Every structure is written in structure tokens, then in C-alpha cells.
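1. below are the sequence and a predicted model for it; my questions follow.
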Amino acid sequence: MPKINGNEIRPGNVLEHNGGLWAAVKVDHVKPGKGGAFAQVEMKNLRNGSKLNERFRSADKVEKVRLEQKDQQFLYEDAGMLILMDTDTYEQVQLAADLLGERRPFLQDGMMVVVEYHNEEAINAALPQKVTCKIVETEPVVKGQTAANSFKPALLDNGIKVSVPPFVGPDEDIIVNTETFEYVERA
């Protein structure tokens, strides 16, 4: 694995530090009036989700880890495990459902998921950025309510609540951003 200097750390980099795998979430370069410059790095453990703030000077060396990304198709869920199929080898893989976190409800049958591996261990899974969902319940349209930024709550078929524009009604398909949980457009 390549070693990089402490001042070369960027958000999104995966580092091997203190015997664990950490993703750099936020990086601030600080130049105090007295003493040498350093990078203040907020990191998240990829295995257990704990957070850590660490200072790295430019002379410090850290291991930068490359994760292997594979496209895999979601088949079904069984006892808290997601069953995915590698589309190249047709091999089935089991991953813990909590790997997706709060984005889990957006997972749909047959959806392609990008799984990141480190030495054959699944570290992270990413859904497509936009997903089509059906509105189950929302308030009726109020005639004359055409204010520029007025939104109303809506319940989706997967149990997630989002805010939608007033012209969107029940039983309509909409596209939702899986990262921000926001309405994007009608499907």
C-alpha cells in the first residue's frame, strides 16, 4: 500500500491507522502562528462507525488503502443479511443489512449496488444516487397555494417521509435522492 504524507490526506481517502480502516470525512489544514503546519483530520472507522480527530504533520506518513469496487445485484434479504450476486461470476455474497445504514429502505429488488472490498472483506455499500419511489399518502392540493417554496409532507412506499411540491399527489412515482432524502422530480 502506498504511504502518503500527512498533508496529502483528502476527504474520502481511506487510511490504515492504529490497526483499523478509517475514512477521512473532513480535513482542515492549520498553520498556527507558532510551530509547524498540520492537517486536522476527522475520521470515521469503516468497521464500527466510531469517529476520531487526529493531527498529522507533513512529515508523518500514513498508509493509503485502495478499496476494490464491485457492482453487485441485490437479490433478497434474509435474517438481517442482504444477499447480493456478483454480476461477473454469478457468485452470491452475504452482507449485513446495517452496512447501508439509514439508506436501507431505498434498496429495491434487482437494484445494482456498488460494494467496496478490502482483502475480500466488505467495508461499504453504496446505492444509486437517485431511486424511483411511489407516494402512498400525502395531503390534497390546496387551490391557490402556489407560493414559490411551499412543500408538503409525503409518505413513500418504503416508509420514508419526504417533502414534495404541492402539485404531486398520491400514487405518483417520484425520484428521490438517496443521499439527501430529498425529492428530485416526477418519474
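-> It's in.
2. switch to C-alpha atoms for all contacts and neighbour counts from now on
-> OK.
3. can you spell out which helices and strands pack onto the worst-scoring helix or strand of the chain on mean pLDDT?
-> Scoring the helices and strands of the chain by mean pLDDT, DSSP states H and E places strand 121-126 at the bottom, with a mean of 83. Where contact means 3 or more CA pairs under 8 Å, 6 or more residues apart in numbering; DSSP states H and E, strand 121-126 is packed against strand 112-118.
4. which segments of this protein make up each domain?
-> Using automatic domain parsing, the domain parsing of the chain gives 3-65, 68-126, 130-186.
5. show me where pLDDT drops low in the protein?
-> 1, 142-148 (pLDDT under 70).
6. what distance do you get for the residue most central in space within it to Leu95?
-> Nearest residue to the geometric centre of the chain (CA atoms, centre = their mean): Ala126, 5.6 Å. Distance check for Ala126 against Leu95: by CA to CA, to the nearest Å, it reads 12 Å.
7. then Lys3?
-> Per CA to CA, Lys3 is found 30 Å from Leu95.
8. which of the two has more residues huddled nearby?
-> Per other CA atoms under 10 Å, whichever of Lys3 and Leu95 has more neighbours is Leu95, with 19 against 13.
9. what ranges do the helices span in this protein?
-> In the chain, no helices are defined using DSSP state H.
10. hmm, Gln72 is touching Ile83, no?
-> No. Using CA atoms under 8 Å as the test, Gln72 is too far from Ile83 to be in contact (9.7 Å).
11. these two - which one has more neighbours?
-> Gln72 (23 against 18).
12. the more buried one - nearest residue in space that isn't next to it in sequence?
-> In space, and not counting its chain neighbours, Gln72 is closest to Asp86: 4.7 Å by CA to CA, 6 or more residues apart in numbering.
13. so that neighbour touches Gln69, yeah?
-> No. Taking contacts as CA under 8 Å, Asp86 lies outside contact range of Gln69: 11.3 Å.
14. which of these two has more residues huddled nearby?
-> Neighbour totals were compared for Asp86 and Gln69, and Asp86 leads with 17 against 14 (other CA under 10 Å).
15. residues in contact with that one?
-> The neighbours of Asp86, taking CA atoms under 8 Å, 6 or more residues apart in numbering as the test, are 70-73, 92-93.
16. can you select the buried ones from those in ChimeraX?
-> Command for ChimeraX, covering only those of those found buried under the criterion 16 or more other CA atoms under 10 Å:
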select :70,71,72,73,93
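17. just the contacts of Asp86: which are in strands?
-> Using DSSP state E, the subset of these located in strands is 70-73, 92-93.
18. okay, the residues you listed in a markdown table with distance to Asp173 next?
-> Below are those laid out as a markdown table (distance: CA to CA, whole Å):
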| residue | distance to Asp173 |
| --- | --- |
| Lys70 | 29 |
| Asp71 | 26 |
| Gln72 | 25 |
| Gln73 | 22 |
| Gln92 | 31 |
| Val93 | 31 |
